[in-house]
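[1] requesting a structural model of the entry that follows:
(chains A and B)
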Amino acid sequence: MMKNKYIRALLVDYGMVFVLIALCLLISLLTISDKHPEDASAARKLSASLLKEVGSDIRVLVVARKTEADEVFAQALKEGLESGGADVVGVELGDPSSLRKRLELLGQQDERVDFIATHDFSSKWRVLSQTSRSEMASLYPGLSSLKIAKPASYRWPTFLTINNLIGILNQNAPIAIMAIGMTLVIITAGIDLSVGSLMALAAVVTATTIRSYLGNESASAFDVALAFLVAMSVCALAGVLAGVIVTLFKVPPFVVTLGLMMVARGMSYILAGGADAVKIEADSIGALYSSSVFGIPSQIVLMIVLFVVAHIVMNHTAFGRYVYAVGGNETAARLSGVPVVGVLIAVYAICGLAAGLAGVLDVSHFGTGRPKAGEFYELQVIAAVVVGGTSLMGGEGKIFGTFIGALILGVIQNGLNMAGVDSYRQMVIYGALILVAVLIDQLKKKVVKPAAN
Amino acid sequence: MADVSSSESLNQTQPLLEMVNVSKSFPGVRALANVNLELYAGEVLALLGENGAGKSTLIKILGGVHMPDSGDIKINGRGLPIDSPAASQRAGVGIIFQEFNLIPALTARENIFLGQEESPFSWIAKRQEDEQARVLFDRIGVQVDPNALCRNLTVAQQQVVEIAKALALNAQIVVMDEPSAALTPREVEGLYEIVDELRRQGIGIIYISHRLDEIERLADRIMVLRDGQYVGTRDADGVTRDEIIEMMVGRSLDNEFPEQTRPLGEIRLEVQGLSRGSVVKDVSFNVRAGEILGVAGLVGAGRTETVRLLFGADKPDGGSIMLDGKQLRIQSPRQAIAKGICLLTEDRKGQGLVLGQTVQENFGLPNMEEFANGGFVNKGQETLAFDRYIEQLQMKVTGGGQIAETLSGGNQQKVVLAKWLQRNAEVIIFDEPTRGIDVGAKYEIYLLMNQLAREGKAIIMISSELPEVLGMSDRILVMHEGRVAGCLENKDVTQEDLMKLATGTKAVTAF
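    The predicted structure is shown next:
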């Protein structure tokens, strides 16, 4: 009984985590394919195994494409072989025709080459095919025993690679950050439809501020940061305005933020002068987006920090208590001395601020202020919050749930992309999956929660 | 049609309704254990029990809201599976819940016949329905305008509409859950007449109430539940109040109200000329340290409105409030609380508690300055403080983490009280403190009020139950139509004296 109850509580609180894990497993299974490593560690492994199996008395030609990554691969291979005592006759970075010339040259010089060490991609060039090699062997005795060595392949899900996972987080960071603010608003039983438009407004305000007031290409990193602050302040103020109208004039949040959504979008276009994008020449505009902390893009780090902070605020501070209380029962909260008006205005301001931050990230990503940025994002943001288990009726919801909700949506989208589903079908499936996720959540609550007495 | 003659011809020995060995468990709670109920045509069966005794569960099983784990339900001797509210209605059961199921934007007539249309496209013959509604209202003995919007009806009229709705579905069994709770004394009289009338027509009535005088007035038989167990059924004739109370609480209470002797101190709260629009007119009174000031009056007399002004929930047009000789400026509940004035609202669920949150979170809500110094909530300190009150107020909770909604009325009231006590409230205003609270818990609340008074707090208690006002107060303020109709020392005052002042028949100011 006790154990049963514990499992139930676990399901209610963390059911969406299981959904996320199940989704990841499913997409992983569907994206398993052959992987051909092409990095330095694969090169080191290849040289080691080559030396171990055939000894150091070999002459090797290292072959790869002429790219930065391949240079690293080739360099590691060369070093590995030479340190083991093997003789590297040369490193060929190029294409099939340059490789053919190199081989012919080596053949004419009567150099002996036992192995061509390369990766899977280059090993498939026609010049290295069986027939082509035997042709060359008949012409040049030095190449008569030429063999190909390449790193071992293995099967692994494309989904479950560091690059892909980081990509998912990076792509969804702006939406997830806005979802933090939206969670607060929805917990107070409100809604904010303006976030997508505020995101665009922030982007355009940043761009026009840098262009008109901070000297555009001569703008320093400090100036860019200043422009970011201006843009975020504008959005926070818009949130304050929404909060004031909601509280003091008792207009439903849906209507207030619907109006604000249109005003902000329109103002973005006006500020952009009707252009699709306001170009920013300042060099440091991309710094925020392209920088990283310990190899993790800084906007992911920023997102995680914000989620942790929001979690602490909502669970351990008086303000968090107030937000839940106002959403659960506004009258009781007021009569308990909660400054309801202040709490509501703060919540809309935070939501606006989060949208502003998302806009700043967008401008840093694209290097231009796009008045089209964040179109329909408000719906994705709300979906993330709802999938994360926050009730639209207010009073309940968890920041952590929102994080999971945002990830679920991101993972679904990524999975559909990998499956090669076109964007129209993606929309249908995406929408249907949101419905399923929320339905599961509702069913789970019905089954798991004991009936009220 | 369940016409009158057929129900009269029913064999008296054949019960209209039998519930046999009904049991029901919820996860972790055994709500009902082998409960039996028999209801005969043309009788009023009073169903009594403290909150949490299982009355609601039993009624919800009858109404098809819950399915019993075991046991049978027989109507007119035939076993019926009642597995949905619709099945219950078809079986002839009409339940009038405490919270009405009326749609405010529809008329009385539309509410009565809602759901009885043959198909969504069927034509509604309004005139015919009007006629049927009138017949139904005739049967009840009260006429309500069928075309009045329900939101414009009084609570009593809405109740009549609910009853008519049940009768329109040919109900032979009518269940009323605390029907008098929201009615004025005059309206309650009307309700008694309605119940009498239905009984005459052979309808079996299950009447749930906490008010014993009501039970004495109406019931033919009295059935008592305690902790989900069937305690017994007695004929109403020849059973005393004390016996009923003993059956309900499982022990005898010497008295409904605790004895009180305490000295009165200085004047703590002084209110002068408080006014707000047409609801509160020039109200003046004072409360001394250690005093319980009872406030009596009819519903709509402006009692709640007056204390809301004291508490800053509404803004007064004029008047002054002094606490311990100091003039107070109160603009919001937050300021009132800071000054030590606290209000336990009449509507605990709607205004007193955030039901979805834990009791400890509710407790902490007005005490954040203490527990969240610097913004972060010190949960350890909060738990420590709350656990003290669990013990001191004898709350029946599993712990601070219990959700407020799952508590009984009495325990909810204690949570509200705890949050104000932690604030060191000096003036504590109780608005209908025992409404919807069972007898045992009532007594505990009374004890607490007395104890608080002994500690020198000034206490204001609004109550519509005259015995409670007379049993608890040192002085009684009676209000009528927004004004103070009188303020009486509680010596040799009778219910009649209070009623005369409350109804405005005696315009005497007896300071």
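
[2] name the residues of the stretch 201-350 of chain A found near chain B, please.
    Within the stretch 201-350 of chain A, the positions near chain B by Cβ under 8 Å from any Cβ of the partner chain are A:316-322, A:324-325, A:328-329, A:331-339. Bear in mind the C-beta positions are built from the backbone N, C-alpha and C, glycine included.

[3] centre-most residue in chain B?
    The centroid of chain B falls nearest to residue B:436 when counting by Cα atoms, centre = their mean (3.6 Å).

[4] and the gap between the nearest residue in space to that residue that is not next to it in sequence and residue A:41?
    Nearest residue to residue B:436 in three dimensions, chain neighbours excluded: residue B:409, at 4.6 Å (Cβ to Cβ, 6 or more residues apart in numbering or on different chains). Noted for residue B:409: a distance of 69 Å to residue A:41, by Cβ to Cβ, to the nearest Å.

[5] compare those two and say which is more crowded by neighbours.
    Applying other Cβ atoms under 10 Å in any protein chain shown to residue B:409 and residue A:41 shows that residue B:409 carries more neighbours, namely 20 against 11.

[6] that one touches residue B:438, doesn't it?
    Yes - the pair formed by residue B:409 and residue B:438 meets the contact definition of Cβ atoms under 8 Å, at 7.5 Å.

[7] quick one: contacts for residue 207?
    Assuming you mean chain A. Residue A:207 is in contact with A:272, A:278-280, A:363, A:368-369, counting by Cβ atoms under 8 Å, 6 or more residues apart in numbering or on different chains.

[8] that's the wrong chain, I wanted chain B
    B:44-47, B:176, B:179, B:195, B:215, B:218-219.

[9] would you map the helices across the stretch 251-400 of chain A?
    For the stretch 251-400 of chain A, applying DSSP state H, counting those that start in this stretch gives helices covering A:253-271, A:287-290, A:298-316, A:318-328, A:330-335, A:340-366, A:377-387, A:399-418.

[10] contact partners of the helix or strand hosting residue A:99?
    According to DSSP states H and E, residue A:99 maps onto helix A:96-108. Contact partners of helix A:96-108, identified using Cβ under 8 Å, 6+ apart, comprise A:61, A:63, A:89-90, A:92, A:94, A:113, A:122, A:125-128, A:136, A:139-140, A:142-143.

[11] kindly report the same for stretch A:77-90.
    Around stretch A:77-90, the neighbours that count as contacts under Cβ under 8 Å, 6+ apart are A:43-44, A:46-48, A:50-51, A:56-62, A:91, A:102, A:106, A:111, A:113, A:117.

[12] for ChimeraX, what selects the buried ones among the residues you listed?
    Of the contacts of stretch A:77-90, the buried ones can be selected in ChimeraX as follows, counting by 16 or more other Cβ atoms under 10 Å in any protein chain shown:
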select /A:43,44,46,47,50,51,58,59,60,61,62,91,102,106,111,113,117
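
[13] now intersect the contacts of stretch A:77-90 with the strands, please.
    A:59-62, A:91, A:117 (DSSP state E).

[14] what's the farthest-apart pair in these?
    Maximum pairwise distance in those, criterion Cβ to Cβ, is 13.1 Å, between A:59 and A:91.

[15] just say helix, strand or coil for the residue nearest the centre of chain A.
    In chain A, the centroid-proximal residue (Cα atoms, centre = their mean) is residue A:170; its distance is 2.2 Å. Secondary structure assignment for residue A:170 (DSSP: H, G, I helix; E, B strand; the rest coil): helix.

[16] the nearest residue to it once chain neighbours are set aside pairs with what?
    Distances taken as Cβ to Cβ, 6+ apart place residue A:297 nearest to residue A:170, at 5.1 Å, with adjacent residues excluded. Listed by DSSP bridges, the beta-bridge partners for residue A:297 are residue A:292.

[17] host element of residue B:334?
    Per DSSP H and E, residue B:334 falls inside helix B:333-339.

[18] for that helix, list the C-alpha coordinates in PDB.
    Output in PDB follows, covering the C-alpha atoms of helix B:333-339 (Å, rounded to 0.1, in the frame of the first residue of the first chain):
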ATOM      1  CA  PRO B 333      -5.900  43.400   4.500                       C
ATOM      2  CA  ARG B 334      -2.100  43.500   4.400                       C
ATOM      3  CA  GLN B 335      -2.100  46.600   6.500                       C
ATOM      4  CA  ALA B 336      -4.800  45.400   8.900                       C
ATOM      5  CA  ILE B 337      -2.900  42.200   9.500                       C
ATOM      6  CA  ALA B 338       0.200  44.200  10.200                       C
ATOM      7  CA  LYS B 339      -1.700  46.100  12.800                       C
END
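
[19] does that helix reach chain A?
    Yes - judged by Cβ under 8 Å from any Cβ, helix B:333-339 comes into contact with chain A at B:333-334, B:337-338.

[20] what's the first helix or strand after that helix?
    Counting by DSSP H and E, the next helix or strand C-terminal to helix B:333-339 is strand B:341-344.

[21] which residues touch residue B:460?
    The neighbours of residue B:460, taking Cβ under 8 Å, 6+ apart as the test, are B:269, B:287, B:292-293, B:295, B:307, B:310, B:427-430.

[22] so what touches the helix holding residue B:334?
    A:334-339, B:310-313, B:323, B:328-330, B:342-343, B:366, B:423, B:425.

[23] same question, stretch B:175-185
    B:55-56, B:59, B:62-63, B:93-98, B:155-156, B:159, B:188, B:191, B:195, B:205-211, B:214, B:298-300, B:435-436, B:464, B:499.

[24] and with 6 Å instead?
    B:59, B:95-98, B:155-156, B:188, B:191, B:206-209, B:214, B:298-299 (Cβ atoms under 6 Å, 6 or more residues apart in numbering or on different chains).

[25] could you tell me the end-to-end distance of that stretch?
    Distance between the two ends of stretch B:175-185: 21 Å, counting by Cα to Cα, to the nearest Å.

[26] can you pull the buried residues of stretch A:22-40?
    A:23-24, A:27, A:31, A:37-38, A:40.

[27] lowest-confidence helix or strand of chain B?
    The weakest-scoring helix or strand in chain B, judged by mean pLDDT, DSSP states H and E, is helix B:4-8 (a mean of 42).

[28] quick check: next helix or strand after that helix?
    strand B:17-26.

[29] what segments of the stretch 151-300 of chain B are helices?
    Under DSSP H, counting those that start in this stretch, the stretch 151-300 of chain B gives helices at B:155-168, B:185-200, B:212-218, B:241-249.

[30] now mean pLDDT and mean neighbour count too, for the ones you listed, in TSV please.
    Below are those laid out as TSV (pLDDT from 0 to 100; neighbours: other Cβ atoms under 10 Å in any protein chain shown):
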stretch	mean pLDDT	mean neighbour count
helix B:155-168	88	22
helix B:185-200	88	17
helix B:212-218	86	17
helix B:241-249	80	17
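
[31] dump those to TSV, plus distance to residue B:109.
    Putting those into TSV (distance: least, Cβ to Cβ, whole Å) gives the following:
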stretch	distance to residue B:109
helix B:155-168	9
helix B:185-200	19
helix B:212-218	29
helix B:241-249	40
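
[32] quick check: the residue nearest to residue A:170 touching residue A:171?
    No - taking contacts as Cβ atoms under 6 Å, residue A:297 lies outside contact range of residue A:171: 10.3 Å.

[33] neighbour-wise, which of these two wins?
    Using other Cβ under 10 Å, the more surrounded residue of residue A:297 and residue A:171 is residue A:297, with 19 against 16.

[34] the helix holding residue A:99 - what's its average pLDDT?
    For helix A:96-108, mean pLDDT is 87.

[35] okay, it in CSV with CA atoms only?
    Taking C-alpha atoms only, helix A:96-108 is exported to CSV below (Å, rounded to 0.1, in the frame of the first residue of the first chain):
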residue,chain,number,x,y,z
PRO,A,96,40.2,11.5,-55.7
SER,A,97,42.1,13.1,-58.6
SER,A,98,44.9,14.5,-56.4
LEU,A,99,45.2,11.2,-54.7
ARG,A,100,45.5,9.4,-58.1
LYS,A,101,48.3,11.8,-59.1
ARG,A,102,50.0,11.2,-55.8
LEU,A,103,49.8,7.5,-56.1
GLU,A,104,51.1,7.6,-59.7
LEU,A,105,53.9,9.8,-58.6
LEU,A,106,54.9,7.4,-55.8
GLY,A,107,54.6,4.5,-58.3
GLN,A,108,56.9,6.2,-60.8
